[in-house]
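> Here's a sequence, model it:
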Amino acid sequence: MKKILLISKVVLGAGVLLLSLNSCKNETKQEDPKEVAEDQNEAKFDSIDTKEDDSEFLVDAAEIDLAEIEIGKLAQTKSTNAEVKKFGKMLVDEHTKSAAEVKTIAGSKNISLPTALTEEGKDEYDKLNEKSGVDFDKKFADMMVDGHEKAIDKFTKAAETANDAEIKTWASKNVSTLTAHLQHAKQLKESLDKK
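Numbers count the residues shown, from 1 in each chain. Prediction:
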């Protein structure tokens, strides 16, 4: 009987130790801003699937704008290529405008948005920031082509399937802007690949 009691105490003690270690570990890690916004929207619109789908699109749009703005700023400061710097400035200008529009639409519909770069956005930024010279420029151009292709897919889908008319119209209007960015990024990539 004493043996069982002793084993029980050891197991219980180990469990308490693990729980306390886990809670300490979780306290230091900040939640991803996108996940926070999605959780808030899910709680608000859980019973309204149509609103939840539209809120997911606006969260994605805000995430795209935040990433493009930061990467555009990085291109302006780190690149030595005039075309890359120019493209970076254009990204900052146009995605800042887009971010303001998303914020206005989301605010009018009580939709929460991420307010900072997501973990994935930070990872992409850090990978780009590690590069320098022509390697930086090529990585930047590759990221811009890939990122804008994905963004166009999301915006095209929202332009076709969004339930809210204002969101549908806004997504549709922005497909052409993103397509122009993609074409510019492809031209930039083509010229950099020759170097």
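
> Just the element for residue 131, please.
Secondary structure assigned from DSSP states H and E places residue 131 in neither a helix nor a strand.

> Identify the residues contacting it.
With contact set as C-beta atoms under 8 Å, 6 or more residues apart in numbering, residue 131 has these partners: residue 139. C-beta coordinates here come from the backbone N, C-alpha and C atoms, glycine included.

> now swap in residue 68 and tell me
Residue 68 makes contact with 91, 92, 95, 147 under the criterion C-beta under 8 Å, 6+ apart.

> In those, find the pair that's most separated.
Spanning the widest gap among the contacts of residue 68 are 92 and 147, at 14.4 Å by C-beta to C-beta.

> rewinding a little: most neighbours of all the contacts of residue 68, which one?
Ranked by neighbour count under the definition other C-beta atoms under 10 Å, these are headed by residue 91 with 27 neighbours.

> Tell me which helix or strand it sits in.
Using DSSP H and E, residue 91 falls within helix 82-108.

> Quick check: the gap between residue 130 and residue 122.
From residue 130 over to residue 122 the distance is 13 Å, taken as C-beta to C-beta, to the nearest Å.

> These two - which one has more neighbours?
In this comparison of residue 130 against residue 122, neighbours counted by other C-beta under 10 Å, the higher total goes to residue 122 at 14 against 10.
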